[in-house]
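Participant: dropping the sequence and predicted coords here.
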Amino acid sequence: MGATTTYTYFDDGLPATTTARQVTQSDGSRRDIVLEANTYDGAGHLVRQVTGGGTVTTVQAVDATGRVTRSVLDPDGLARTTTFAYDADDRVTTSTANIDGAGRVLTSTTDYDVDGNPVRSTVSDGSGTPRSTVSTYDQRGMLLSETGPRGMLSGVDPAAHTTTYRYDSLGRLVETKAPPVSVEEGGAMAQVARPTTVTGYNTFGEATATRDERGAVTRAVYDEVGRTTAVRLPAYTPLGASEPLTPVITATYDALDRTTAVTDALNRTTRYGYDQLSNLVQRTDPVAGGTATLQQPSEFTVQNTDLAGAGVTRYTWTPTGPGLSVTDPTGARTEATYDELGRMLTATTVERHPELRNLTTRFTWDDAGRQTASTSPLGRTSTTTYNAAGEPLTITDPASGVTRFVYDGLGRPTSEVDPTGRRSTVEYDALGLPV
């Protein structure tokens, strides 16, 4: 499978077109697909881009400094329009997007501090109270706190909806405190607490310990080149035992930094083999039927070297990367073929009993890389149609019929009609949450 992509340019060096040559179609024919075609204004600003073999068009307007002030997806159809306003430092301060044809607009505004950090972000669809998120920063520009929209409502204590962050002297996040909540455990009285996670680092900036909200600590061990060789999970005492156990997961690597073995907390080892291109060609599962015991192995010790009874899964790959076949430990085999763009054309299951035969499912794609049809081994075809934004409009199942979808100007599904004619509708608030 060879893949050829050609590029053309305007006289000033700006990219004009990108074309995939002689792409194999589902019927076996071949043709060129123009993946991208660009149009520029006299100043070299991109004002029109057509992708997916002409299926998707985006036009945009720019100001004198080259900033995009208006972008329209599918101007002759969906006409999804977004506008942008900027401050003197070229930061987006306001963006608006049409929600529907009735004039509803989603407006997003952002305020910045003197250092350019966004300190307040507000969204509004004009139908209710604007929703704001407020952030604070330290002198290094590190995020110190974030108060969600619920904390900005009138009469509400902002601290009850604020997450705070703490960093070390190197700017690494070491503590995250969530808003206060009421917690209880083991039948004790409920208490108000702020769930807190803490992370520690070694000299090289690798996270070596993490304490979760309940105080349980997970530790990581690294080798000289920064690869994780062991993870010590929080200790616990099994039922009926008197001594706590610390589950440990270990990993080993080859000279090319590829994982060759992983031993889980129950001392079960999975091994991996690779070809010269670092594609996974063999996975050896833990030995079946063995006794799994939780031990305290050395951080650098690989357990279970006896492979008798271990299941082996084998993989093959195409020269360009996609997987060609998988053979599981029982000998069952699946295969796949692809076109020049890496899209799967066929998926085949090799059936061995009662007789050898290939059960093949075939796939069809449009020029934008969207799957438009799949045909089962029995010849039953399911189809999907899309709008210019790539959202499914209809899904046709040979057994049940057609399901239809409608979206608003932001690409959110607002209506679904199933094959029996039953309609489901959804409305959203300014945060995009179903109401």
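Facilitator: Yep, that arrived. Residues are numbered from 1 along each chain as shown.

Participant: hey, what's residue 164 bridged with?
Facilitator: Taking DSSP bridges as the rule, residue 164 bridges to residue 145, residue 177.

Participant: pLDDT at the residue of the chain most remote from its centre, what is it?
Facilitator: Of all residues in the chain, the one whose C-alpha sits farthest from the chain's mean C-alpha position, using CA atoms, centre = their mean, is residue 242 at 43.3 Å. Residue 242 carries a pLDDT value of 88.

Participant: show me the contacts for it.
Facilitator: With contact taken as CB atoms under 8 Å, 6 or more residues apart in numbering, residue 242 is in contact with no other residue. Placement of C-beta: from N, CA and C, glycine included.

Participant: in three-state terms, label residue 42 for me.
Facilitator: Under the three-state scheme (DSSP: H, G, I helix; E, B strand; the rest coil), the conformation of residue 42 reads as coil.

Participant: first-to-last residue distance for stretch 377-390?
Facilitator: This stretch, stretch 377-390, spans 27 Å end to end (CA to CA, to the nearest Å).

Participant: for that stretch, the averaged confidence score.
Facilitator: Throughout stretch 377-390, pLDDT has a mean value of 97.

Participant: and that stretch, what's buried?
Facilitator: Residues of stretch 377-390 classed as buried under the neighbour-count rule (16 or more other CB atoms under 10 Å) are 382, 383, 384, 386, 387, 388.

Participant: contacts for it, please.
Facilitator: In this structure, residues lying in contact with stretch 377-390 by CB under 8 Å, 6+ apart are 55-57, 73-74, 77-78, 80, 359-361, 366, 368, 370-375, 392-399, 407, 411.

Participant: centre of the chain to it, how far?
Facilitator: Mean C-alpha position of stretch 377-390 versus that of the full chain (CA atoms, centre = their mean, to the nearest Å) differs by 23 Å.

Participant: please apply the same query to stretch 149-160.
Facilitator: Distance, stretch centre to chain centre, for stretch 149-160: 31 Å (CA atoms, centre = their mean).

Participant: start and end of that stretch, how far apart?
Facilitator: The distance separating the two terminal residues of stretch 149-160, taken as CA to CA, comes to 11 Å.

Participant: what about this structure, any weak spots by pLDDT?
Facilitator: 1-2, 288-309 (pLDDT under 70).

Participant: before we move on, back to that, among the contacts of stretch 377-390, name the buried ones.
Facilitator: Those of the contacts of stretch 377-390 that meet the buried threshold are 55-57, 73-74, 78, 80, 360-361, 366, 368, 370-371, 374-375, 392, 395-396, 407, by 16+ other CB under 10 Å.

Participant: please list the members of the contacts of stretch 377-390 that lie in helices.
Facilitator: With helices taken from DSSP state H, there is no overlap with those.

Participant: list the ones among those residues that fall in strands.
Facilitator: Among those, the ones falling in strands (DSSP state E) are 56-57, 73, 80, 359-361, 371-375, 392-397, 407.

Participant: related to what we said a few turns ago, so the residue farthest from the centre of the chain lies in a helix, does it not?
Facilitator: No: judged by three-state DSSP, residue 242 forms no part of a helix; its state is coil.

Participant: against residue 232, how distant is it?
Facilitator: 20 Å (CB to CB, to the nearest Å).

Participant: repeat for residue 287
Facilitator: Residue 287 is 24 Å from residue 232, where distance means CB to CB.

Participant: what about residue 97, how many residues close to it?
Facilitator: A count of neighbours around residue 97, defined by other CB atoms under 10 Å, yields 19.

Participant: revised request: answer the last question for residue 53.
Facilitator: Other residues lying near residue 53 total 20 when counted by other CB under 10 Å.

Participant: does it sit in a helix, a strand or a coil?
Facilitator: Once three-state DSSP is applied, residue 53 turns out helix.

Participant: with adjacent residues omitted, what lies nearest to it?
Facilitator: residue 367 (2.7 Å; CB to CB, 6 or more residues apart in numbering).

Participant: and if you look at residue 233?
Facilitator: Nearest in space to residue 233, with sequence neighbours left out and distances taken as CB to CB, 6+ apart, is residue 247 at 4.2 Å.

Participant: contact partners for the one you found?
Facilitator: Taking CB under 8 Å, 6+ apart as the definition, contacts of residue 247 comprise 232, 233, 236, 265, 294.

Participant: can you flag the buried ones in the residues you listed?
Facilitator: Neighbour-count burial (16+ other CB under 10 Å) is assigned, among the contacts of residue 247, to 232, 265.

Participant: just send the contacts of residue 247 back as TSV, with secondary structure too.
Facilitator: Supplementary listing: the contacts of residue 247 in TSV, determined by three-state DSSP:
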residue	secondary structure
232	strand
233	coil
236	strand
265	coil
294	coil
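
Participant: let's have the contacts of residue 247 in JSON lines, adding distance to residue 194.
Facilitator: What follows is the contacts of residue 247, written out as JSON lines (distance: CB to CB, whole Å):
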{"residue": "232", "distance to residue 194": "26"}
{"residue": "233", "distance to residue 194": "24"}
{"residue": "236", "distance to residue 194": "24"}
{"residue": "265", "distance to residue 194": "30"}
{"residue": "294", "distance to residue 194": "33"}
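
Participant: name the nearest of the contacts of residue 247 relative to residue 118.
Facilitator: Closest approach between the contacts of residue 247 and residue 118, by CB to CB: residue 233, at 37.4 Å.

Participant: I figured residue 47 hits residue 58, correct?
Facilitator: No: taking contacts as CB atoms under 8 Å, residue 47 lies outside contact range of residue 58: 9.7 Å.

Participant: picking up where we left off before, ramachandran angles for the residue farthest from the centre of the chain?
Facilitator: In terms of degrees, to the nearest 10, the main-chain angles of residue 242 are phi -110, psi -20.

Participant: wasn't residue 151 part of a helix?
Facilitator: Yes: according to three-state DSSP, the state of residue 151 is that of a helix.

Participant: what sits against it?
Facilitator: Each residue near residue 151 by CB under 8 Å, 6+ apart is listed here: 134, 157, 158, 159, 160, 161, 162, 179.

Participant: leaving out sequence neighbours, find the closest residue to it.
Facilitator: Using CB to CB, 6+ apart and skipping the chain neighbours, the partner closest in space to residue 151 is residue 161 (3.0 Å).

Participant: wouldn't the one you found be in contact with residue 147 here?
Facilitator: Yes: because the distance of 5.8 Å satisfies CB under 8 Å, residue 161 is recorded as touching residue 147.

Participant: more neighbours: which of these two?
Facilitator: Taking neighbours as other CB under 10 Å, residue 161 and residue 147 compare with residue 147 leading, 22 against 19.

Participant: and the more buried one, how far from residue 392?
Facilitator: From residue 147 over to residue 392 the distance is 37 Å, taken as CB to CB.

Participant: before we move on, which element is residue 179 in?
Facilitator: Residue 179 is part of no helix or strand, with elements assigned from DSSP states H and E.
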